[in-house]
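# Give me a 3D structure for the following:
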Amino acid sequence: MPANQAKSAHISQLVTRARMGDREAFDGLVEVYAPRLYNLAVRIIGSREEAQDCVQEALLRAFSALASFRGEAAFSTWLYRVAVNVANDAARRRSREPLAASDLADSESADTPDLSRVGRPTDAGSDNPQDALVEAQRRQLILQAIHSLPAQQRVAIVLHDLQGLSYEDIARITRCRIGTVKSRLNRARLALKDMLQEHMELLRE
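Residues are numbered from 1 along each chain as shown. Next up, the predicted model:
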């Protein structure tokens, strides 16, 4: 069995067991999805500490509501929907502040924006300290700009350009039409280009 199919089958088994109240199985799901939910939450909220709280709350909500999960959508879609709702609520409660440097320090690939939409793609393989500094500046500029987007646009671009989800998956998570997802992404990218126009020289280096 291919690795992806084996992984999907394993997750499906964990979901089935977790729905029956197996906490160990749910812990297995947490191990798989918690890092992804954290990456999502920190980009929507703009705070590491609040993102951690958001993930915990989302997982608690998911565990409490797991019996209501009927499998009409993929488990990951259902879980992302819970996390997006919790993160959006947290983002509305907190004051709008620029992302702190500590919130931009993650080096995991899931945290790296797709700069091809607003500049050139990142070069994560460079060992040159100067290149690393320039890359950190690029990341900070783009992530701060993303954080300043309206909530719906921010969610769409985080899910698509930072986490690599398809239009179809985002539409299911946000419960809107695929055309609406594409429209939000287009508006978000135009807004980012406008906000980052004065920094394009840095972004293209």
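# contacts and neighbour counts: CA atoms only from here.
Noted.
# quick one: the spatially most central residue of the chain from Asn85, how far?
Note on the chain: the residue nearest the mean C-alpha position is Leu40, at 2.7 Å, using C-alpha atoms, centre = their mean. Leu40 sits 11 Å away from Asn85, going by C-alpha to C-alpha, to the nearest Å.
# Just give me how far whichever strand or helix holds Lys193 sits from the chain centre.
Under the criterion of DSSP states H and E, Lys193 resides in helix 178-195. Offset of helix 178-195 from its chain centre (C-alpha atoms, centre = their mean, to the nearest Å): 16 Å.
# List the buried residues of it.
By neighbour count with 16 or more other C-alpha atoms under 10 Å, helix 178-195 contains the buried residues Ile178, Val181, Lys182, Arg184, Leu185, Ala188, Arg189, Ala191, Leu192, Lys193, Met195.
# Take those residues and lay them out in TSV including distance to Ala3 and pLDDT.
Output for the buried residues of helix 178-195, formatted as TSV (distance: C-alpha to C-alpha, whole Å; pLDDT from 0 to 100):
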residue	distance to Ala3	pLDDT
Ile178	29	97
Val181	30	97
Lys182	31	97
Arg184	34	97
Leu185	31	96
Ala188	35	95
Arg189	34	93
Ala191	39	94
Leu192	37	90
Lys193	38	88
Met195	41	87
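# And the residues you listed, which is closest to Ile45?
Ala188 (16.6 Å; C-alpha to C-alpha).
# burial measure for the residue lying closest to the closest one once chain neighbours are set aside, as a count.
In space, and not counting its chain neighbours, Ala188 is closest to Gln153: 5.4 Å by C-alpha to C-alpha, 6 or more residues apart in numbering. Neighbour count of Gln153, defined by other C-alpha atoms under 10 Å: 23.
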